[in-house]
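> I'll drop the sequence and a predicted model, then ask my questions.
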Amino acid sequence: MAIHFIMALLSGYLAGKYFKNLTLGILVGLCGGFLIDLDHVLEYFLVYGFHFNPSYFLQGRQFLISDQLHLWFHAWEYVPILIFFGWLFRKKETLKAILFTLAFTGSLHLFTDCIINQVPLKFYSLSYRASQNFSTLKLMTPEAYQNNLALKKKLGL
Ligand SMILES: [Zn+2]
């Protein structure tokens, strides 16, 4: 979490310097590089409805109960789309800066997640996860899946 926050600030700052708008760079950097993790919250609400329990959320129970990993915001597919629209709106300075900064900071976030979570690059492809039916059994390494099962048992799920 802290790593993502610092990386988001730093990459947003760099993008802001490049596009000569520091405030915008940092704000958009925090969205692309940090708030991208809000899809975990989205996944929680889809499993539990609007009964928010912070400790359930922090335990990641939503993933344990559904046995699925959607992670809608975590997808390489958005990067070329953002770059394309950044190019398309290249005459609109602010919009261009927003789109390129999202692509840049989002990519850094996904790379960092690959390293932290020790998953291959393809893990953060939405189409790849869809091809595996978003199933944790298919997406996680056997070892990580066993840890998940053990945690489920411990929590009585
Ligand atoms: Zn993430």
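Thanks, I have the structure now.
> so is H70 in a helix, a strand, or just coil?
Here H70 is coil, with the state taken from DSSP: H, G, I helix; E, B strand; the rest coil.
> How much space separates it from L137?
For H70, the distance to L137 (CB to CB, to the nearest Å) stands at 15 Å. Just so you know, the C-beta spots here come from the backbone N, C-alpha and C atoms, and that holds for glycine as well.
> who's more crowded, the two?
Counted by other CB atoms under 10 Å, H70 and L137 do not tie: H70 has more neighbours, with 19 against 13.
> wait, that one sits on H40?
No. Using CB atoms under 8 Å, H70 is not in contact with H40, being 9.8 Å away.
> Who are the contact partners of the nearest residue to I36 once chain neighbours are set aside?
Excluding the flanking residues, the one nearest I36 by CB to CB, 6 or more residues apart in numbering is F73, at 4.7 Å. F73 sits next to I36, D37, L38, D39 when contact means CB atoms under 8 Å, 6 or more residues apart in numbering.
> By neighbours, which of those wins?
I36 leads the contacts of F73 on contacts (other CB under 10 Å) with 24 neighbours.
> tell me the pLDDT at L64?
You'll see L64 listed with a pLDDT of 89.
> what's the closest non-adjacent residue to it?
Leaving out its chain neighbours, the residue that sits closest to L64 by CB to CB, 6+ apart is K152, at 5.1 Å.
> and the helix or strand harbouring the one you found, which residues are buried?
Following DSSP states H and E, one finds K152 within helix 142-155. Using 16 or more other CB atoms under 10 Å as the test for burial, helix 142-155 gives Y145, N148.
> Same check on stretch 107-122?
Buried residues in stretch 107-122, counted by 16+ other CB under 10 Å: S107, L108, H109, L110, T112, D113.
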